[in-house]
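S.K.: Please find the sequence and the predicted model below.
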Amino acid sequence: MQRKVYVPGVALLAALTAGCTGGSGTDGSTADDKAGEANTSVAAPGKYRTLREPCGSVDRALLRDLLPGATTLPEEQQEKAYDGTAAVTYDTDRRVGCRWKVDSPAATHHLLVDFERVVSYDSDVSDDDRAKEVYAKQEIAADLPTPTRSPEEGDGEGEDTEDGEAEGSASPDGSGSPTASASQSGDQSGDAAGDVAGDDSATRTPDPADVTDSASGSGGSTGTQAPQGLEPRILADLGDTAFLDDALVRSGSTTQRRTVSVVFRTSNVIVTVQYSEQPALTTDVPDSKELQEKTQALARRLAEQFTD
């Protein structure tokens with residue numbers, strides 16, 4: 001009987017040949033490259049990962065100027081007035097705020113400082129771009145007169161900024177139209193409301209009803225317009241973009257209260273400063289220029305802290 005002869009060397013050669021043919025090193029490296037490319041497409045996180053403590057962000061010298069009635073109080077009450085009251089929030093890495101209120105025989109002054117750190121939950125949208133959308137909605141809600149220019153702007157102001165957006169334009173897509181921008185962002189599942197992960201009411205600074213009846217009164221939708229040249233407007237050289245609102249409203253049927261609001265964005269943080277004065281006499285009208293200057297001075301001081 002003849003037996004079949006097996007040649008080990010031939011079988012080994014066939015196995016090696018099959019292995020090389022079935023697993024191409026070129027294909028494997030291509031897959032790894034594609035995986036690496038996918039990882040680099042994630043949008044960059046925002047510059048700021050935490051927020052400053054708001055009650056300690058306003059120094060005593062500024063508080064004495066903003067709350068003149070505090071100097072008439074006993075020392076213990078002065079300290080309490082200058083300490084302010086922190087807003088109740090559930091995520092201090094996302095939103096914090098502080099309020100001050102001082103009554104005096106001449107007038108009552110209110111001050112509110114609010115910091116919001118915007119986070120995008122869309123891997124294709126950066127935190128900064130999402131913050132632009134949130135800021136744009138606030139600017140649109142303020143209903144600023146069009147066109148507006150800050151009195152301190154020179155002839156060269158209002159031109160294109162470094163990122164190609166016109167000064168004062170809140171459009172995150174560079175279209176120059178805040179309205180179009182807000183419409184775009186509203187169509188996205190992760191719009192400004194979603195930026196607070198669905199718990200905006202929980203992390204948001206409580207609405208300071210005792211500070212202002214209308215932070216978006218556009219200079220008097222519920223009261224008297226601000227003097228000419230001091231109308232609500234875009235502000236230059238404050239953060240990445242900023243605007244000022246000025247509203248004069250009546251408290252009940254007697255005294256008048258003026259509230260000046262300055263809102264600015266720096267990277268992925270939006271800062272709001274509201275300052276109001278309500279004179280004791282019904283015949284007194286709070287001075288718009290003085291309140292605007294003080295509010296802007298505080299806003300610029302806070303902006304400097306974020307660049308430290």
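M.R.: Looks like it came in fine. Numbers count the residues shown, from 1 in each chain.
S.K.: shaky segments in the protein?
M.R.: Counting by pLDDT under 70, the chain shows low-confidence ranges at 1-41, 146-225, 251-253, 308.
S.K.: ok, and for the lengthiest helix in the chain, which residues are buried?
M.R.: What stands out as the longest helix in the chain, according to DSSP state H, is helix 288-307. Buried residues in helix 288-307, counted by 16 or more other Cβ atoms under 10 Å: 288, 291-292, 294-296, 298-300, 302-303, 306. Placement of C-beta: from N, CA and C, glycine included.
S.K.: Also stretch 103-120?
M.R.: 103, 107-120.
S.K.: and if you look at stretch 45-54?
M.R.: So for stretch 45-54, counting by 16+ other Cβ under 10 Å, buried means 46, 48, 51-52, 54.
S.K.: ok, back up a step: what does the longest helix of the chain rub up against?
M.R.: 48, 52, 57-59, 62, 65-66, 113, 226-227, 230, 235, 238-239, 242, 244, 246, 248, 258, 260-262, 264, 266-267, 269, 271, 273-277 (Cβ atoms under 8 Å, 6 or more residues apart in numbering).
S.K.: Pull out the buried residues from the residues you listed.
M.R.: By 16+ other Cβ under 10 Å, the contacts of helix 288-307 give 48, 52, 57-58, 62, 66, 113, 226, 230, 235, 238-239, 242, 244, 246, 248, 258, 260-262, 264, 266-267, 269, 271, 273-277 as buried.
S.K.: Now intersect the residues you listed with the helices, please.
M.R.: 62, 66.
S.K.: In contact with Phe264, which residues?
M.R.: By Cβ under 8 Å, 6+ apart, the neighbours of Phe264 are 235, 238-243, 270-271, 299, 303.
S.K.: Same question for Ser57.
M.R.: 98, 113, 302, 305.
S.K.: separation between the third one and Val113?
M.R.: To tie it back to what came earlier, the one meant is Leu302. 7 Å (Cβ to Cβ, to the nearest Å).
S.K.: before we move on, the earlier item: quick one: which of the contacts of Phe264 sit in strands?
M.R.: 235, 241-243, 270-271 (DSSP state E).
S.K.: where along the protein do the strands fall?
M.R.: So, for the chain - with DSSP E - the strands run 85-86, 95-103, 107-117, 233-235, 241-250, 256-266, 269-279.
S.K.: Make CSV out of the buried residues of helix 288-307 and add distance to Leu144.
M.R.: Output for the buried residues of helix 288-307, formatted as CSV (distance: Cβ to Cβ, whole Å):
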residue, distance to Leu144
Ser288, 15
Leu291, 17
Gln292, 14
Lys294, 20
Thr295, 16
Gln296, 16
Leu298, 20
Ala299, 16
Arg300, 19
Leu302, 21
Ala303, 20
Phe306, 23
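S.K.: what's the closest of the residues you listed to Thr72?
M.R.: Thr72 has its nearest neighbour among those in Lys294, at 18.7 Å by Cβ to Cβ.
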